[in-house]
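Peer 1: 3D, please:
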Amino acid sequence: PRSAVRAAYINSVKSVFGTGLLALPSAILAVGAPAGCLLTALCGIWSIYTMQLLAWCVDAAVAAGVTPKSYGELCLHSLGRTGGLLSAGNMLVSQ
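Peer 2: Okay, here's the model as predicted:
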């Protein structure tokens, strides 16, 4: 569980710095500095919250005796068959 949380943080940091760093100056120029800073902070808070949700789901799965080996397995265990299919579709479209 600890390594899964660490991996989620590292993966999120890589994705945020990879894409966000290139697009951030243009976005702040478009909305203005105050709104840009506020929106950046809100996105950061939302990202931390969703990482915590993933960590809680992993902890709940492990407590239930299931050790998910992937995001898809975690969704299947946490959300049932329909949620697992929706998450697989989401991953297919967004990747």
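Peer 1: From now on I want contacts and neighbour counts done on CA atoms only, so please keep to that.
Peer 2: OK.
Peer 1: Report all helices and strands that the longest helix along the chain contacts.
Peer 2: For the chain, the longest helix by residue count, based on DSSP state H, is helix 33-63. Contact analysis of helix 33-63 by 3 or more CA pairs under 8 Å, 6 or more residues apart in numbering; DSSP states H and E lists helix 2-15, helix 21-31, helix 71-94 as its packing neighbours.
Peer 1: Highest mean neighbour count out of the ones you listed?
Peer 2: Of all those, helix 71-94 has the most neighbours on average by mean count of other CA atoms under 10 Å, namely a mean of 15.
Peer 1: Quick one: mean pLDDT for that one?
Peer 2: The average pLDDT within helix 71-94 is 86.
Peer 1: Next, the angle helix 33-63 makes with that helix.
Peer 2: Relative orientation of helix 71-94 versus helix 33-63 (axes from the mean of the first three to the mean of the last three CA atoms, to 10 degrees): 140 degrees.
Peer 1: how distant is helix 71-94 from the center of its chain?
Peer 2: 14 Å (CA atoms, centre = their mean, to the nearest Å).
Peer 1: Would you mind writing the CA trace of it as PDB?
Peer 2: Backbone C-alpha positions of helix 71-94 (Å, rounded to 0.1, in the frame of the first residue of the first chain) are rendered in PDB as follows:
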ATOM      1  CA  TYR A  71      -5.800   0.400 -11.900                       C
ATOM      2  CA  GLY A  72      -8.300  -1.700 -13.800                       C
ATOM      3  CA  GLU A  73      -8.400  -4.400 -11.100                       C
ATOM      4  CA  LEU A  74      -8.800  -1.700  -8.400                       C
ATOM      5  CA  CYS A  75     -11.800  -0.200 -10.300                       C
ATOM      6  CA  LEU A  76     -13.300  -3.600 -10.800                       C
ATOM      7  CA  HIS A  77     -13.000  -4.400  -7.100                       C
ATOM      8  CA  SER A  78     -14.100  -0.900  -5.900                       C
ATOM      9  CA  LEU A  79     -16.900  -0.200  -8.500                       C
ATOM     10  CA  GLY A  80     -18.100  -3.600  -9.600                       C
ATOM     11  CA  ARG A  81     -18.300  -5.000 -13.100                       C
ATOM     12  CA  THR A  82     -19.900  -1.900 -14.700                       C
ATOM     13  CA  GLY A  83     -17.400   0.500 -13.000                       C
ATOM     14  CA  GLY A  84     -14.600  -1.700 -14.200                       C
ATOM     15  CA  LEU A  85     -15.800  -1.600 -17.800                       C
ATOM     16  CA  LEU A  86     -16.300   2.200 -17.600                       C
ATOM     17  CA  SER A  87     -12.800   2.700 -16.200                       C
ATOM     18  CA  ALA A  88     -11.300   0.400 -18.900                       C
ATOM     19  CA  GLY A  89     -13.100   2.500 -21.600                       C
ATOM     20  CA  ASN A  90     -11.900   5.700 -20.000                       C
ATOM     21  CA  MET A  91      -8.300   4.400 -20.000                       C
ATOM     22  CA  LEU A  92      -8.600   3.400 -23.600                       C
ATOM     23  CA  VAL A  93     -10.000   6.800 -24.700                       C
ATOM     24  CA  SER A  94      -7.700   9.000 -22.600                       C
END
